[in-house]
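# sequence plus the predicted model coming up.
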Amino acid sequence: MNNNEILLRVENLKVWFEIRKTIISQPLYVKAVDGVNFELKKGETISLVGESGSGKTTLGRTILRLYEPTDGKIFFEDKDITNLPFKELNWYRRETGFVQQDPFGALAPHFTVYRILEEPLIINKIGTPESRKEMIIKALEEVKLTPVSDFINKYPHMLSGGQMQRVVIARALIMKPKLIIADEPVSMLDASVRIEILDLLRDIQRNHNMSLIYITHDLATVRSFSDWIFIMYAGNLVERAKTDELLNNPLHPYTKALLSAIPDPDPTNRFKLREAPPGEPPNLINPPEGCRFHPRCSFVMEICKKEEPKEINIAKDHCVKCWLYKEG
Amino acid sequence: MADVVLKLDNFSVSYKTQKGSLEAVRNVSFELKEGETLAIVGESGCGKSSLARGILRLFPRNLEKASGKIYLDGEDILSLKEDIFRKNVLWSKISMVFQGAMNSLNPVLKVIYQVAEPLIVHMGMDKNSAFNRAKEMLSFVGISESFAERYPFELSGGMKQRVVIAMALVTHPKIVILDEPTSALDVITQANILNLLKILKKELNLTYIFITHDIATTSELADKVAVMYAGEIVELSPSENFYNLPAHGYTMMLLNSVPTLKTIKKLKSIPGSPPSLISPPKGCRFHPRCQYVMDICREKEPPMFKKGEEHYAKCYIGESHE
């Protein structure tokens, strides 16, 4: 497989949710995703990092066409899937997998593990009952729920959180998709199993040469995980770079603040205060004019309050949306 | 040397369940000096919240037995009568910030009233002076007067957490128990709240018991760290030793599973899951998951060994034994 091929391209994507206060007034919009551009190559992993309410989950779900985009384009293998009607989306659903945040809510409680994994195969009319069983056993082996016979006839409530999340991953995997979107796959799990699940996801992604978008608010877990880190703030991607580049040379003031706010296990931390910008992310109905981070930014200039910065290419594989920097 | 304000001696809590008795907290002993912060870390279900609530006598209905001794300023508070405990200890000496409390604020009451309520109800203050003190406390935690008159839905997550902290502090307690005070917050808000807690501790000379499952945030507050596993404290150490010289197999493995930004290391998770507390494993309760397991661990429960200055661990590693 050619690894330079672009699998997913998102152009100026906007997702606005309409809310109406009264019948007379103009409709208001929550601008959850507001002008997002990026490309994802085959076999690559992106970590999408942002605070809650920054629009990262909306972006992920819109790419899967679970939400309707308001404007912009989504291309999957050069096919425009932005406005495909529901009925013509079946092939796309087969090519994409979704790992939800909450494994406790993602599995039907009255289905056995076997039935949960068989469901997508039945819907997509794949295989005979016998070949399906083989595929299910293989998928369970791949997520290391072994011995398979111990798990295959269990109901979700009989499993631990980590095991449930493995079943969710197996379900996302069973159609052999080209793209998996994992929305905070470990945030509901205990610290001791998080690493295990992340390692599993990465191994599977590498073995199958899949592309993966990993949505998280926890920058500490991404270092060993992804090729790219995208930082999202108030509906915009404010910085995009290769993982090492972003961690070693963060440019956007928000990225810097995020990095310095992450606690490191160091016993001397208790003697000092951390630098953290005050305030909270803005209201997305009426975001601040200009750069959306300017009310919290310590480098704020006049222009930041008036005009929205454009995304510029600072170096190869490093884009930032900030007035502090110039192209080239 | 600062005085010991809180001392637990063989404190145990057990619950009645359909399958039998469940010992959620087992023989916990520690001492806490004035102005010190003790962090209690462990996986979910290890008993850390049961321990914290047990200190405040906030037991669930299926409580079977709470035994041992809890000394506050030298007085055993576990044997106090319920009404005396409520009057003299609860909130006025020890208070608590509950896990997820920011989402349990009463939506139809102004925040100032909610902060003043413990003063009116527990301390018998009149309304005016209670409101004044609540206002003071709110501005102390960084909430301006205009926000004091608002309802919880008008505040952001970080501000609600500040309100909850103000509620716990308004009665001027000596000891504050913080149960996962930042677990639902974003990293930047979390850093702000931790800064606030550090400032409050210094200015008010507070003693904290800080409960968390997040090893990395532990270092932000803790002077001492108690690691809990399956209802027991398995290691108690000054925080320098906790990070640099872990003595218990569980602590070592726990530290190896923490992802960090600055160092690149191979992370290892802990296989298996915590044991059932109804029928815990024989010997050391951690032995089925421990990578350093020895024969003796399967047979005999390890006692608390002294591993260094104020450093204790229930583990045979590094001990001579037959």
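Right, received. Where do you want to start?

# quick one: the helices in chain B?
Using DSSP state H, the helices of chain B run over B:48-55, B:82-88, B:111-122, B:127-140, B:145-148, B:157-169, B:187-204, B:215-221, B:239-244, B:249-256, B:295-299.

# tabulate these in CSV, adding columns for mean pLDDT and mean neighbour count.
Heads up, the C-betas are built off the backbone N, CA and C, glycines and all. Output for the helices of chain B, formatted as CSV (pLDDT from 0 to 100; neighbours: other CB atoms under 10 Å in any protein chain shown):
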stretch, mean pLDDT, mean neighbour count
helix B:48-55, 91, 24
helix B:82-88, 88, 12
helix B:111-122, 90, 20
helix B:127-140, 92, 17
helix B:145-148, 87, 14
helix B:157-169, 90, 23
helix B:187-204, 90, 20
helix B:215-221, 88, 24
helix B:239-244, 91, 20
helix B:249-256, 90, 22
helix B:295-299, 91, 15
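
# reformat those as JSON lines; add distance to B:N27.
Below are the helices of chain B laid out as JSON lines (distance: least, CB to CB, whole Å):
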{"stretch": "helix B:48-55", "distance to B:N27": "11"}
{"stretch": "helix B:82-88", "distance to B:N27": "22"}
{"stretch": "helix B:111-122", "distance to B:N27": "31"}
{"stretch": "helix B:127-140", "distance to B:N27": "37"}
{"stretch": "helix B:145-148", "distance to B:N27": "44"}
{"stretch": "helix B:157-169", "distance to B:N27": "28"}
{"stretch": "helix B:187-204", "distance to B:N27": "29"}
{"stretch": "helix B:215-221", "distance to B:N27": "23"}
{"stretch": "helix B:239-244", "distance to B:N27": "21"}
{"stretch": "helix B:249-256", "distance to B:N27": "17"}
{"stretch": "helix B:295-299", "distance to B:N27": "18"}
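
# is any residue of stretch B:271-291 near chain A?
Yes. Contact of stretch B:271-291 with chain A (CB under 8 Å from any CB of the partner chain) involves B:271, B:273.

# circling back to that earlier point, could you dump the helices of chain B to CSV with distance to chain A?
As requested, those are exported to CSV (distance: least, CB to the nearest CB, whole Å):
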stretch, distance to chain A
helix B:48-55, 12
helix B:82-88, 31
helix B:111-122, 16
helix B:127-140, 15
helix B:145-148, 13
helix B:157-169, 6
helix B:187-204, 4
helix B:215-221, 4
helix B:239-244, 4
helix B:249-256, 7
helix B:295-299, 19
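
# tell me the contacts of the residue of the stretch 1-150 of chain B found nearest chain A?
Residue nearest to chain A within the stretch 1-150 of chain B (CB to the nearest CB): B:E43, separated by 4.8 Å. Residues near B:E43 by CB atoms under 8 Å, 6 or more residues apart in numbering or on different chains: A:190-192, B:213, B:229, B:274.

# all strands of the stretch 201-322 of chain B, in order?
In the stretch 201-322 of chain B, the strands defined using DSSP state E, counting those that start in this stretch lie at B:207-212, B:224-229, B:232-238, B:305-308, B:311-313.

# and the stretch 201-328 of chain A, by the same measure?
A:211-216, A:228-233, A:236-242, A:312-315, A:318-320.

# so what sits opposite the spatially most central residue of chain B in the bridge?
What sits nearest the mean C-alpha location of chain B, by CA atoms, centre = their mean, is B:I211, with 3.1 Å. On the basis of DSSP bridges, B:I211 is bridged to B:I40, B:D179.

# residue contacts, it?
Each residue near B:I211 by CB under 8 Å, 6+ apart is listed here: B:39-41, B:48-49, B:52, B:99, B:177-180.

# give me the pLDDT value at it.
pLDDT for B:I211: 93.

# how much space between it and B:L197?
Remark: distance between B:I211 and B:L197 (CB to CB, to the nearest Å) = 13 Å.

# who touches both of the two?
What both B:I211 and B:L197 touch, as defined by CB under 8 Å, 6+ apart, is the set B:L178.

# ok so, going back, could you identify which of the strands of the stretch 201-328 of chain A has the lowest mean pLDDT?
Among the strands of the stretch 201-328 of chain A, strand A:312-315 scores lowest, at a mean of 88.

# can you list the strands that it pairs with?
Here strand A:312-315 is paired, per DSSP bridges, with strand A:318-320 (antiparallel).

# state the distance from A:S187 to chain B.
Using CB to the nearest CB, to the nearest Å, we find A:S187 at a distance of 10 Å from chain B.

# is it correct that that residue is in contact with A:P103?
No. In this structure A:S187 lies outside contact range of A:P103 using CB atoms under 8 Å: 10.6 Å.

# which one of the strands of the stretch 201-328 of chain A lies nearest to B:L109?
Among the strands of the stretch 201-328 of chain A, strand A:228-233 comes nearest to B:L109, with 33.3 Å by CB to CB.

# can I get that closest one in CSV, CA atoms only?
C-alpha atoms of strand A:228-233 as CSV (Å, rounded to 0.1, in the frame of the first residue of the first chain):
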residue,chain,number,x,y,z
TRP,A,228,0.8,14.3,14.5
ILE,A,229,-0.7,16.5,17.2
PHE,A,230,-3.5,18.9,16.4
ILE,A,231,-4.4,21.4,19.1
MET,A,232,-8.0,22.6,19.1
TYR,A,233,-9.3,25.6,20.8
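
# partners of that strand in the sheet?
Strand A:228-233 is paired, per DSSP bridges, with strand A:45-50 (parallel), strand A:236-242 (antiparallel).

# mind checking how far the longest one is from the chain centre?
By that I understand strand A:236-242. 13 Å (CA atoms, centre = their mean, to the nearest Å).

# circling back to that earlier point, could you redo the contacts of B:I211 as TSV and give each row distance to A:S54?
Below are these laid out as TSV (distance: CB to CB, whole Å):
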residue	distance to A:S54
B:A39	30
B:I40	32
B:V41	29
B:K48	31
B:S49	30
B:A52	32
B:Q99	24
B:I177	32
B:L178	27
B:D179	27
B:E180	23
